[in-house]
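In: Give the three-dimensional model of this entry:
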Amino acid sequence: MLEKVAADQGIEALMKDMGVKARAAARPLAFASSEAKNKALDAMADAIIAAKDHILSENRLDLAEVEGTEMPASFVDRLTLNDQRIADIADSIRAIASLKDPVGEVIAAWDRPNGLKIERVRTPLGVIGVIFESRPNVTADAGALCLKAGNAVILRCGSDSRRSSAAIHACLVEGLKKAGLPEHAIQLVPVSDRTAVGAMLRGLDGAIDVIVPRGGKSLVARVQNEARVPVFAHLEGLCHVYVDGSADLEMARRIIVNAKMRRTGICGAAETLLIDRAALSTHLVPIAEALLEAGCEIRGSEEVLSHISGAKPASQEDWTTEYLDAIISIAVVDGISGAIAHIGKYSSNHTEAVIAEDPAVVERFFTEIDSAILLHNASTQFADGGEFGMGAEIGIATGKMHARGPVGVEQLTSFKYRVHGNGQIRP
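Out: The predicted structure follows:
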């Protein structure tokens with residue numbers, strides 16, 4: 001027990017030191033030039049390509065540790081790197097470099113009757129803490145996004161991806177050094193002990209301004225329950241697709257198979273399909289057959305089971321389950337009103353899609369559903385910062401304060417007011 005206490009105290013000291021270094025790095029980053037930040041980002045991308053063989057070698061060691069365990073296929077998929085994914089990581093960093101620098105952008109400006117000129121201007125948040133599991137690419141995405149927005153970042157990866165993440169992190173530090181920026185602007189926690197997570201959630205004596213968790217439900221729940229600083233997060237991606245009676249059948253079939261099956265382990269994968277009763281006789285069977293042919297298990301309501309012989313009965317739990325697997329639950333609803341009621345009851349407020357040609361249906365869907373991302377005639381798999389033109393994302397936020405939806409460079413800034421006068425005093 002005494003050894004554990006000593007170890008915990010050692011980790012606390014380590015984390016506080018990282019916080020001090022991050023806060024010190026954040027100061028010059030706040031006013032670093034766009035040219036310097038972009039030079040660092042381009043150098044990071046070059047370093048990742050140059051270190052590809054080493055990164056893949058470290059990734060194979062990470063994968064070897066989870067081989068034979070009960071980790072789900074979606075977890076292993078997120079952990080796995082290959083030549084294309086390494087190239088994608090580098091491309092994502094370059095895309096972030098090409099984005100407009102948000103720092104210093106004038107969001108709004110107005111004049112007062114007394115002659116004061118007021119501006120609302122974007123400014124960095126400061127120090128971001130990112131806690132993630134099994135996604136080594138988050139090391140690069142989070143580091144690059146935070147840098148572009150003028151923030152320092154402390155990254156804490158899961159033990160499962162520690163080698164891969166460390167290899168990528170070394171490339172990020174190399175890029176910082178080449179651009180003459182503080183090397184502690186992007187730090188990776190070097191220990192896997194959970195004490196480090198607790199220290200970050202307490203804010204490292206005021207060093208951390210915001211926490212962003214990316215991982216499973218248990219991780220996100222812990223962060224939301226224990227954090228003493230603001231959190232940008234979503235608990236789960238319970239995403240719905242509603243097929244209206246006015247939907248084009250072929251379009252609906254293509255979208256739904258993609259929304260569910262393109263990558264089943266991401267938070268934007270569709271988990272529940274809602275079929276308008278008006279489309280029951282025309283749309284349900286062709287769509288269900290396409291899903292079954294693609295290897296998807298269907299769990300349906302009694303009405304669905306009467307039409308689809310290959311479906312399994314859905315339990316009440318299915319309507320609240322984020323499968324992250326090749327499984328989808330299907331229910332029949334009474335038009336757009338029924339879809340809105342079902343989504344309102346079961347949604348995690350992440351992403352919902354409507355497939356319809358009736359503009360009145362689309363208008364109600366967009367107006368009455370309050371999830372972070374809503375799509376019309378498009379796959380839920382577009383719920384991604386890169387697909388939104390943000391270069392990448394640090395995560396998806398479903399809260400209603402500050403950031404919502406994909407958290408990109410703009411969402412990693414706050415703002416301040418600049419007021420210009422010419423001698424005004426308040427009477």
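In: what comes up buried for stretch 128-144?
Out: By 16 or more other CB atoms under 10 Å, the buried positions in stretch 128-144 come out as 128-144. Glycine gets a C-beta too; all of them are placed from N, C-alpha and C.
In: Give me the residues contacting the helix or strand hosting residue 271.
Out: According to DSSP states H and E, residue 271 maps onto strand 270-276. By CB atoms under 8 Å, 6 or more residues apart in numbering, the list of residues contacting strand 270-276 from outside reads 237-245, 247, 256, 259-260, 283-284, 287, 304, 319, 321-323, 328-336, 338-339, 342-343, 346, 353, 379-380.
In: Return the distance of residue 263 relative to residue 384.
Out: 10 Å (CB to CB, to the nearest Å).
In: Name the residue in these two with the higher neighbour count.
Out: Legend: neighbour count by other CB atoms under 10 Å for residue 263 and residue 384, higher for residue 384 (18 against 14).
In: A strand includes the more buried one, no?
Out: No. Looking at residue 384 with DSSP: H, G, I helix; E, B strand; the rest coil, it is coil, so not inside a strand.
In: Next, the contact list for it, please.
Out: Applying CB under 8 Å, 6+ apart, the residues contacting residue 384 are 266, 268, 393, 406.
In: do the same with residue 228
Out: Counted by CB under 8 Å, 6+ apart, residue 228 has contacts 201, 202, 203.
In: and if you look at residue 336?
Out: Neighbours of residue 336 in contact, by CB under 8 Å, 6+ apart: 242, 244, 276, 354, 356, 361, 364, 365.
In: Report how many residues lie close to residue 233.
Out: Neighbours of residue 233 under the rule other CB under 10 Å: 24.
In: Please spell out which residues along the biggest helix by length in the chain are buried.
Out: Secondary structure of the chain per DSSP state H: the longest helix is helix 2-30. By 16+ other CB under 10 Å, the buried positions in helix 2-30 come out as 8, 11-12, 14-15, 18-19, 21-23, 25-26, 29-30.
In: likewise stretch 380-397?
Out: In stretch 380-397, counting by 16+ other CB under 10 Å, buried: 380-386, 390-397.
In: and those residues, which two are the farthest apart?
Out: 380 and 391 (20.5 Å; CB to CB).
In: Pipe the contacts of residue 228 into a markdown table and attach neighbour count per row.
Out: What follows is the contacts of residue 228, written out as a markdown table (neighbours: other CB atoms under 10 Å):
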| residue | neighbour count |
| --- | --- |
| 201 | 22 |
| 202 | 16 |
| 203 | 19 |
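In: Okay, strands next: where are they in the stretch 251-400 of the chain?
Out: In the stretch 251-400 of the chain, the strands defined using DSSP state E, counting those that start in this stretch lie at 270-276, 297-300, 312-313, 327-333, 351-355, 373-376, 396-397.
In: who wins for proximity to residue 211 among those strands?
Out: strand 396-397 (11.5 Å).
In: Run me through the strand neighbours of that closest one, direction for each.
Out: Here strand 396-397 has these sheet partners by DSSP bridges: strand 405-406 (antiparallel).
In: Let me know the average pLDDT across the partner strand.
Out: In this model, strand 405-406 has a mean pLDDT of 90.
In: and that strand, how far out from the chain's middle?
Out: The chain centre lies 7 Å from the centre of strand 405-406; the measure is CA atoms, centre = their mean, to the nearest Å.
In: what's the answer for stretch 127-146, then?
Out: Counting by CA atoms, centre = their mean, stretch 127-146 comes out at 10 Å from the chain centroid.
In: Quick one: end-to-end length of it, please.
Out: 9 Å (CA to CA, to the nearest Å).
In: Now do that stretch, average pLDDT.
Out: Across stretch 127-146, pLDDT averages out at 94.
In: cool, stretch 103-121 as well?
Out: 97.
In: can you list the residues that contact it?
Out: In contact with stretch 103-121 (CB under 8 Å, 6+ apart) are residues 30-31, 122-124, 149-150, 413, 415-422, 424.
In: buried subset of the residues you listed?
Out: Neighbour-count burial (16+ other CB under 10 Å) is assigned, among the contacts of stretch 103-121, to 30, 122, 123, 124, 149, 150, 413.
In: These in strands, which ones?
Out: 122, 123, 124, 413 (DSSP state E).
In: What are the boundaries of the helices in the stretch 251-400 of the chain?
Out: 285-293, 302-305, 335-346, 359-368 (DSSP state H, counting those that start in this stretch).
In: Also the stretch 51-200 of the chain?
Out: Going by DSSP H, counting those that start in this stretch, the stretch 51-200 of the chain shows helices at 52-66, 73-79, 83-98, 137-148, 162-178, 195-201.
In: Rounded mean pLDDT for the next helix or strand after the last one, please.
Out: Using DSSP H and E, the helix or strand that follows helix 195-201 towards the C-terminus is strand 210-214. Averaging pLDDT along strand 210-214 yields 93.
In: Next: stretch 359-376.
Out: Stretch 359-376 carries an average pLDDT of 97.
In: Show residues contacting it.
Out: 234, 242, 244, 246, 335-336, 339-340, 343-344, 347, 349-356, 382-383, 396-398, 404-406.
In: picking up where we left off before, okay, the contacts of residue 228 in TSV with distance to residue 229 next?
Out: Putting the contacts of residue 228 into TSV (distance: CB to CB, whole Å) gives the following:
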residue	distance to residue 229
201	8
202	8
203	5
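In: Kindly reformat the helices of the stretch 251-400 of the chain as JSON lines containing distance to residue 174.
Out: Formatted as JSON lines, the helices of the stretch 251-400 of the chain follow (distance: least, CB to CB, whole Å):
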{"stretch": "helix 285-293", "distance to residue 174": "45"}
{"stretch": "helix 302-305", "distance to residue 174": "54"}
{"stretch": "helix 335-346", "distance to residue 174": "46"}
{"stretch": "helix 359-368", "distance to residue 174": "45"}
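In: These: which one's closest to residue 221?
Out: Among the helices of the stretch 251-400 of the chain, helix 335-346 sits nearest to residue 221 (CB to CB), with 17.9 Å.
In: If anything else comes up later, I'll come back, but that's it for now.
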